[in-house]
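Peer 1: Below: sequence and its predicted model.
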Amino acid sequence: MGAETKAVETGYHNLNADSKHEDWQATKADFHVEEDGRGEVLNIDGHPVMEQWEQPYMAALAKIATSKGGRVLEVGFGLGLSATAIQQYDIEEHVIIEANSDVVKRGEEWAKDQPHKVVFKEGLWQDVVDSLPENYLDGVLYDPYPLNSAEQHIHQFDFIKKIYAKMKPGSILTYCNLTSIGVLKGQHAKWENLWKQTQVPHIIRCGFQKFSFSTFKITAPDTCEYYAGHTEALLPKLERPALRKARYLPLEKIRRGYKNVNVRVKVTELVPDKRIAFVGDDTATIKFSWSSEVATSKAEKPASLKVGDELIIRNATCKGSGKYRPAKKGKEGEEKKGDVNLSLICDRWGKLDFDLERAGIPEAFGDVKMDNPLTKPREDKSKDSPDDDDDEVKDEEPEDDE
């Protein structure tokens, strides 16, 4: 890889070192039109916050942020350029965090004529993000102005780290920081180097593992203080991984030592006064026990289980003794090796789900195969039977799925 050309000083270098976040909210916002190619501009505290020439670039960022539909969070309203573009897409809700009171007033007037629901949350994102529920957002577009020189190049990463938990699995995030990139691009002739050296290390520390970038051709007027001389702008794309679809095993396929087991079963018997049941599917039956801390869907509790209930058991562990395998193809009956005595155990890392449709298995359950028990009868006290301690589930942190 060839050496980069000599760095050139570009971009904006006039941010104050002592500006405080709380002062930004009440500072007057100056909206006016310039006839020098910048169009309408927004200045706050003497700094160029946004200019109308950015509109095509803002539309490109909006396209990324809305690519999953659903609920989109935008941080920083400015002139409403990206907000207007977001509203052109099929979304359910548009949440906007904006710190400056004058900008919020303009935004609330703008919102009255938009096709999709808009919710303004006035305040600094540092104060607002904690109030958002986890797994809440389908898309995020971050574009506030850096409020002092210390955060000029890094403020987006403080936000990205904090917003990660608020994003749904499979959601997407993009960001804009022209006040930073306008400087950094003068120091890095190649976009690939700028991305890998100044963005990627921070993105990884924020928890993202899937990320990419492209660039967007722009025309910045020579009169633009923060981006004059550049012909492209950065389009980052950060994705929170989607959840893998659960894989459900037939009971007859379970072996001793299996972990992270997911099964769909029906309750065939309950042991009074203990967290023990016998469950089955159309291949076999097995003993099942659970911890008092096991997670459940909705408001149901394992104590409310009844014979005949259908449920999903997630992230269980199979313990016991003996080996079992189904009969080979073409042979009748089933072949067992040794004395089979298996049980499924759910500790606090597991989950019981009573909502089959939500789990993606809405079809009716078949008959339980009662004549293929993987657990010895409870009255069998032979040395191969599980110890009494097996009835009390001990919590052990699970290993990662393969």
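Peer 2: Alright, I've got the coordinates.
Peer 1: and the longest strand belonging to the chain, which strands flank it?
Peer 2: For the chain, the longest strand by residue count, based on DSSP state E, is strand 310-325. According to DSSP bridges, strand 310-325 has the following sheet partners: strand 261-271 (antiparallel), strand 335-346 (antiparallel), strand 351-353 (antiparallel).
Peer 1: Could you work out which of these reaches nearest to His155?
Peer 2: strand 351-353 (37.6 Å; CB to CB). For the C-beta atoms, the positions are set from N, CA and C on the backbone; glycine is no exception.
Peer 1: chain center to that closest one, what's the gap?
Peer 2: Computed by CA atoms, centre = their mean, to the nearest Å, the chain-centroid distance of strand 351-353 equals 21 Å.
Peer 1: returning to what we had before: if you average pLDDT over each of the strands paired with strand 310-325, which is lowest?
Peer 2: Per-segment mean pLDDT for the strands paired with strand 310-325 reaches its minimum on strand 335-346, at a mean of 72.
Peer 1: what residue ranges in the stretch 201-350 of the chain score low on pLDDT?
Peer 2: 295-303, 322-339 (pLDDT under 70).
Peer 1: change it to 50
Peer 2: Filtered on pLDDT under 50, the stretch 201-350 of the chain yields the residue ranges 298-299, 327, 332-338.
Peer 1: Where do the strands of it begin and end?
Peer 2: 210-217, 232-239, 261-271, 276-280, 285-290, 295-296, 310-325, 335-346 (DSSP state E, counting those that start in this stretch).
Peer 1: Output those as CSV; include the columns distance to Pro146.
Peer 2: CSV is the format used below for the strands of the stretch 201-350 of the chain (distance: least, CB to CB, whole Å):
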stretch, distance to Pro146
strand 210-217, 20
strand 232-239, 15
strand 261-271, 46
strand 276-280, 57
strand 285-290, 51
strand 295-296, 41
strand 310-325, 43
strand 335-346, 48
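Peer 1: mind saving the C-alpha coords of stretch 29-48 as PDB?
Peer 2: Extracted C-alpha coordinates of stretch 29-48, given in PDB (Å, rounded to 0.1, in the frame of the first residue of the first chain):
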ATOM      1  CA  ALA A  29     -30.500  29.600  16.800                       C
ATOM      2  CA  ASP A  30     -29.900  31.800  13.800                       C
ATOM      3  CA  PHE A  31     -31.700  30.600  10.700                       C
ATOM      4  CA  HIS A  32     -31.100  32.700   7.500                       C
ATOM      5  CA  VAL A  33     -30.400  32.400   3.800                       C
ATOM      6  CA  GLU A  34     -27.000  33.000   2.200                       C
ATOM      7  CA  GLU A  35     -26.700  33.800  -1.500                       C
ATOM      8  CA  ASP A  36     -23.200  32.400  -1.900                       C
ATOM      9  CA  GLY A  37     -24.200  28.900  -2.700                       C
ATOM     10  CA  ARG A  38     -24.800  27.600   0.800                       C
ATOM     11  CA  GLY A  39     -28.600  28.300   0.800                       C
ATOM     12  CA  GLU A  40     -30.400  28.400   4.100                       C
ATOM     13  CA  VAL A  41     -28.000  28.000   7.000                       C
ATOM     14  CA  LEU A  42     -28.200  27.400  10.800                       C
ATOM     15  CA  ASN A  43     -25.700  29.100  13.100                       C
ATOM     16  CA  ILE A  44     -25.700  28.600  16.800                       C
ATOM     17  CA  ASP A  45     -23.300  30.400  19.200                       C
ATOM     18  CA  GLY A  46     -21.500  31.700  16.100                       C
ATOM     19  CA  HIS A  47     -20.800  28.200  14.700                       C
ATOM     20  CA  PRO A  48     -22.000  26.800  11.300                       C
END
